[in-house]
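> sequence first, then the predicted structure, then my questions.
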Amino acid sequence: MFWGLAEGQVDPRGFEFEHVLRDIQTLNEWALEGRLEVSAISLHAYTLVQDRYVILPHGASMGRGYGPIVVAREPLSRERLAEIEIAVPGKMTTAFLALQLYLDGPYPYREVPFDEILDEVKSGRADAGLLIHEGQLTYGQHGLERVVDLGEWWMLETGLPLPLGINVARRDLGETVLHELSEVLAESIDAGLRSRPQAIKYAMRFGRGLDQALTDRFVGMYVNRLTQDYGDEGREAVRELLSRAEQVGAIEHPVKIQFVT
């Protein structure tokens with residue numbers, strides 16, 4: 001999404017961008033402080049920072065029939081899954097929220113850095129793990145079983161894609177700046193999709209051991225038409241997820257969903 005800006009393929013229109021690479025849980029925590037003016041965060045985290053940030057109308061990661069995966073060393077029923085401790089990548093992640101909806105309520109969990117969850121399950125230190133990022137593609141190489149694909153479950157449940165990560169900008173930038181900034185970031189996404197091979201090569205610098213084929217597959221899962229613009233379907237998916245979360249008490253305060261115009 002940011003190849004166009006990083007490689008000078010997009011006019012920054014006077015903005016100066018510093019690319020800050022952190023895992024999603026760290027970015028969620030930073031958003032609570034309002035540390036970054038523009039950030040990727042989890043949709044779940046937005047419910048806690050909505051007074052400080054507004055959603056950009058692009059940059060979302062949505063899984064259409066696929067998403068975060070719960071894995072274990074053996075098959076588990078939904079009832080059994082609700083009883084055991086699950087290693088999760090952070091309680092502010094949307095994956096954590098989606099699993100709560102799937103299990104219809106709170107569940108035992110332990111927060112583990114996302115890139116350590118596979119080893120936690122494989123070693124037996126965790127009975128099950130909630131995988132985000134490339135672990136969704138590589139868990140089988142570790143001899144683990146898929147218990148549930150939350151994106152698949154959500155699609156069957158609602159007919160909608162599962163919104164996971166979003167891009168936000170700080171409200172105090174002001175309406176004019178937010179609009180201009182949004183235009184620049186949208187152009188970077190478009191540039192990456194138009195020049196996919198070059199953008200994939202750039203993205204591989206930041207991968208964690210994926211070869212080019214798996215990188216291309218993973219990027220294709222989460223950088224697509226809905227990334228360019230939520231559209232009606234994407235916005236409905238956001239409303240549905242957060243509405244259901246409110247109904248089961250997973251969100252403490254009502255959420256006002258607001259996009260940069």
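It's in.

> ok, longest helix in this structure?
helix 175-194 (DSSP state H).

> which strands and helices lie in contact with it?
Applying 3 or more CB pairs under 8 Å, 6 or more residues apart in numbering; DSSP states H and E, we find helix 175-194 packed against helix 3-6, strand 162-170, helix 196-203, helix 225-228. In short, each C-beta sits where N, CA and C put it, glycine included.

> minimum distance to Arg80: which of these has it?
strand 162-170 (23.1 Å; CB to CB).

> what is the burial count for Ala169?
20 (other CB atoms under 10 Å).

> re earlier: right, and the helices and strands packed on helix 175-194 - which one's nearest Ala60?
So among these, strand 162-170 is nearest, using CB to CB, at 5.1 Å.

> which ones are touching Phe114?
Asp23, Ile24, Gln25, Pro89, Gly90, Leu131, Ile132, His133, Gly135 (CB atoms under 8 Å, 6 or more residues apart in numbering).

> to clarify, my last question referred to Thr176.
Shown in contact with Thr176 (CB under 8 Å, 6+ apart): no residues.

> repeat for the one 10 residues further on
Contacts of Ala186 were listed using CB under 8 Å, 6+ apart, and they are Pro57, His58, Gln228, Asp229.

> buried ones in the strand or helix carrying Trp153?
Assigned by DSSP states H and E, Trp153 belongs to helix 150-158. For helix 150-158, the neighbour count (16 or more other CB atoms under 10 Å) marks Leu150, Gly151, Glu152, Trp153, Trp154, Met155 as buried.

> now the residue positioned nearest the centre of the chain: how far from Asp211?
Among the residues of the chain, the one closest to the centroid is Gly165, at 2.8 Å (CA atoms, centre = their mean). With the distance defined as CB to CB, to the nearest Å, Gly165 ends up 23 Å from Asp211.

> and what of Ser188?
25 Å.

> so for the two, which sits in the more crowded spot?
Taking other CB under 10 Å, Ser188 and Asp211 do not tie; Ser188 has more neighbours (23 against 10).

> next, format the contacts of Ala186 as CSV and append pLDDT, distance to Thr176 and neighbour count.
Listed next are those as CSV, based on pLDDT from 0 to 100; distance: CB to CB, whole Å; neighbours: other CB atoms under 10 Å:
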residue, pLDDT, distance to Thr176, neighbour count
Pro57, 97, 16, 20
His58, 97, 18, 24
Gln228, 95, 23, 19
Asp229, 96, 21, 15
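
> let's see the pLDDT reported for Asp216.
The model reports Asp216 with a pLDDT of 86.

> report the angle between the helix or strand in which it is found and helix 150-158.
Using DSSP H and E, Asp216 sits in helix 212-222. Interaxial angle, helix 212-222 versus helix 150-158 (axes from the mean of the first three to the mean of the last three CA atoms, to 10 degrees): 30 degrees.

> and whatever helix or strand Arg110 lives in, what does it pack against?
Using DSSP H and E, Arg110 sits within strand 109-111. Strand 109-111 sits against strand 86-88, with contacts defined as 3+ CB pairs under 8 Å, 6+ apart.

> next structured bit after the strand it packs on?
helix 94-102.

> now that next one, how far from the centre of its chain.
What separates the centre of helix 94-102 from the centre of its chain is 12 Å, taken as CA atoms, centre = their mean, to the nearest Å.
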